[in-house]
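Undergrad: All I have is the shape, not the residue letters:
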């Protein structure tokens, strides 16, 4: 399964986020309002209104942090981050098995991401389930961790039995559409950076970086 897990937000940032998100309960609405026709049939959660000041402010701050992260940039090759939502799942709620829309009003969905905003010990259930061709993996990450995975995968959120699950989700339009091509580029970039850190710059390494850049030009859109 092709995905990336990474610690993105620190404890101070998470504390500020949670304190502010707990303030304005009137801005949380039914998650079905932003779901596609098929997904709306299985979606049962709450989300912060995208036009609220809180959502606009903190969505922008988190988006900037994602775009500045070198590991995420290498893995996802983000052209645009869009459709971001603060989502809350409380007792009895879940999001059934579904696939994300390929195209949204905000952009193309090549990769989906979830950032967990509260501790996995604060709620029972609520695992993110991602299905590959012949496997399924379940994720309940630590607060501040992000998981990024192809939007082509079927996925779901299990029912929450106790507590509250708080996350920030969104989509990435990548410069490179193909999962396989992004993986090749990610491996090549990681190897080149590792060699640079270990041995320093060399003529051979310059050729690797040249090939990476030219491959990106060829494969990108």
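TA: That came in fine, so what should we check first? On a predicted model such as this, the values are computed, not experimentally measured, just so you know. Residues are numbered from 1 along each chain as shown.
Undergrad: helices or strands up against the longest strand anywhere in the chain?
TA: Across the chain, the longest stretch assigned as strand under DSSP state E is strand 160-174. Judged by 3 or more C-beta pairs under 8 Å, 6 or more residues apart in numbering; DSSP states H and E, the packing partners of strand 160-174 are helix 53-68, strand 78-90, strand 107-108, strand 111-116, strand 123-125. For the C-beta atoms, the positions are set from N, CA and C on the backbone; glycine is no exception.
Undergrad: Out of the ones you listed, which gets nearest to residue 208?
TA: strand 78-90 (22.4 Å; C-beta to C-beta).
Undergrad: Which of the residues in the helix or strand that the closest one is followed by are classified as buried?
TA: With elements assigned by DSSP states H and E, the helix or strand that comes after strand 78-90 is strand 94-98. With burial defined by 16 or more other C-beta atoms under 10 Å, the residues of strand 94-98 counted as buried are 94-95, 98.
Undergrad: Would you list the strands that strand 94-98 pairs with, along with their directions?
TA: Here strand 94-98 is paired, per DSSP bridges, with strand 43-44 (antiparallel), strand 154-157 (antiparallel).
Undergrad: how about those strands in CSV, adding mean neighbour count and mean pLDDT?
TA: Shown next, in CSV, are those (neighbours: other C-beta atoms under 10 Å; pLDDT from 0 to 100):
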stretch, mean neighbour count, mean pLDDT
strand 43-44, 20, 90
strand 154-157, 20, 96
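Undergrad: in the sheet, who's paired with the residue nearest in space to the middle of the chain?
TA: The chain has residue 113 as the residue nearest its centroid, 1.4 Å off, counting by C-alpha atoms, centre = their mean. For residue 113, the beta-bridge partners under DSSP bridges are residue 148, residue 170.
Undergrad: what's near enough to touch it?
TA: Neighbouring residues of residue 113 by C-beta atoms under 8 Å, 6 or more residues apart in numbering: 66, 146-149, 169-172.
Undergrad: Looking at these, point me to the pair that's furthest apart.
TA: The distance between the two most remote of these (C-beta to C-beta) is 14.3 Å, for 66 and 149.
Undergrad: domain parsing for the chain?
TA: If you go by automatic domain parsing, the domain ranges for the chain are 4-174, 179-219.
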